[in-house]
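J.: Fold the following for me, if possible:
(chains A and B)
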Amino acid sequence: DTEVTQTPKHLVMGMTNKKSLKCEQHMGHRAMYWYKQKAKKPPELMFVYSYEKLSINESVPSRFSPECPNSSLLNLHLHALQPEDSALYLCASSQDNSLAGDRNEQFFGPGTRLTVL
Amino acid sequence: GQNIDQPTEMTATEGAIVQINCTYQTSGFNGLFWYQQHAGEAPTFLSYNVLDGLEEKGRFSSFLSRSKGYSYLLLKELQMKDSASYLCAVRAWDNYGQNFVFGPGTRLSVLP
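T.: A predicted model of the protein is given here:
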């Protein structure tokens, strides 16, 4: 299985809602990532989990809360979002994120298209 | 921080060769990746360079010069399906681990 899956594919939420995005991989990868991508812009790294520990938080507002329940799952909890948070949220995984020189390319999921009203 | 630059758009003809350049400035460099992203889809991995030189993979080749902070992606025998955005991404060590930054992307249009 060389796939990263994400649910839901589309999500529309109000500014007072609480929702969660889910990501799953069964490739035995130990690094998982959340990215945000606005239209016609490159993906922007939000969070990195390495061996189920949060290793990088790119100064993301606290209304985004990541969680890594186990090595195969990655969640992104959303609360009190703003309309400008509307974007494609991409999850990715790689074999490792702690070794120098290894290729460790990232495999991306199809994304969740989020609209905040 | 990292600074990555790519041309915004390029146009080429089916069957031709196109070179997409990427320049970067970073400390703690630990690899450069090229990804392809079709509109509305996730990025897919194309190539990886960590040492200077050329890596060839079918119709796609990628070159890296670490001293110049420069890479290019070479696409040969262009096909219509190659119309996509091409993203250069730099991996680098920082105080927290390995960071990963995408360049702005180059939108390639392949014309018949």
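J.: Other residues contacting the host helix or strand of B:Ser71?
T.: Element membership of B:Ser71, judged by DSSP states H and E, is strand B:70-75. With contacts defined as C-beta atoms under 8 Å, 6 or more residues apart in numbering or on different chains, strand B:70-75 is touched by B:17-24, B:32, B:34, B:46-47, B:49, B:59-65, B:82, B:86, B:88, B:108. Every residue, glycine included, has its C-beta placed from N, CA and C.
J.: May I have it exported as CSV, CA atoms only?
T.: Coordinates of each C-alpha in strand B:70-75 appear next as CSV, following Å, rounded to 0.1, in the frame of the first residue of the first chain:
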residue,chain,number,x,y,z
TYR,B,70,21.0,26.2,-8.4
SER,B,71,19.0,23.4,-9.7
TYR,B,72,17.1,22.7,-12.9
LEU,B,73,14.5,20.1,-14.1
LEU,B,74,14.8,19.0,-17.7
LEU,B,75,11.8,17.5,-19.4
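J.: Which elements pack onto whichever helix or strand comes after that strand?
T.: Using DSSP H and E, the helix or strand that follows strand B:70-75 in sequence is strand B:84-94. Here strand B:84-94 touches strand B:3-5, strand B:18-25, strand B:29-37, strand B:70-75, strand B:97-102, strand B:106-111, going by 3 or more C-beta pairs under 8 Å, 6 or more residues apart in numbering or on different chains; DSSP states H and E.
J.: Out of those, name the one with the poorest average pLDDT.
T.: Of all the helices and strands packed on strand B:84-94, the minimum mean pLDDT falls on strand B:97-102 (a mean of 84).
J.: quick one: strands adjacent to that strand?
T.: Applying DSSP bridges to the sheet, strand B:97-102 is found paired with strand B:84-94 (antiparallel).
J.: Look up the closest residue to B:Asn3, ignoring the ones flanking it.
T.: In this structure, B:Asn3 finds its nearest non-sequential neighbour in B:Gln25, 4.4 Å apart by C-beta to C-beta, 6 or more residues apart in numbering or on different chains.
J.: what's around that neighbour, how many residues?
T.: With neighbours defined by other C-beta atoms under 10 Å in any protein chain shown, the count for B:Gln25 comes to 12.
J.: which residues does it contact?
T.: When contacts are counted by C-beta under 8 Å, 6+ apart, B:Gln25 touches B:2-4, B:69.
J.: buried subset of the residues you listed?
T.: B:2, B:4, B:69 (16 or more other C-beta atoms under 10 Å in any protein chain shown).
J.: Distance check, B:Ala16 against B:Gly28.
T.: Distance, B:Ala16 to B:Gly28, by C-beta to C-beta, to the nearest Å: 37 Å.
J.: A:Tyr89 too?
T.: Relative to B:Gly28, and taking C-beta to C-beta, A:Tyr89 is found at 27 Å.
J.: Between these two, point out the one with more neighbours.
T.: A:Tyr89 (23 against 14).
J.: neighbours of the nearest residue to the more buried one once chain neighbours are set aside, just the number please.
T.: Take A:Tyr89 and drop its neighbours on the chain: the residue closest to it by C-beta to C-beta, 6+ apart is A:Thr112, 4.8 Å away. The number of residues packed near A:Thr112 is 21, by other C-beta under 10 Å.
J.: where does A:Thr112 land on pLDDT?
T.: 97.
J.: got the contact list for it?
T.: Applying C-beta under 8 Å, 6+ apart, we find A:Thr112 in contact with A:6-11, A:21, A:88-89.
J.: give me that answer again for 6 Å
T.: Neighbour list for A:Thr112: A:6, A:8, A:11, A:21, A:89 [criterion: C-beta atoms under 6 Å, 6 or more residues apart in numbering or on different chains].
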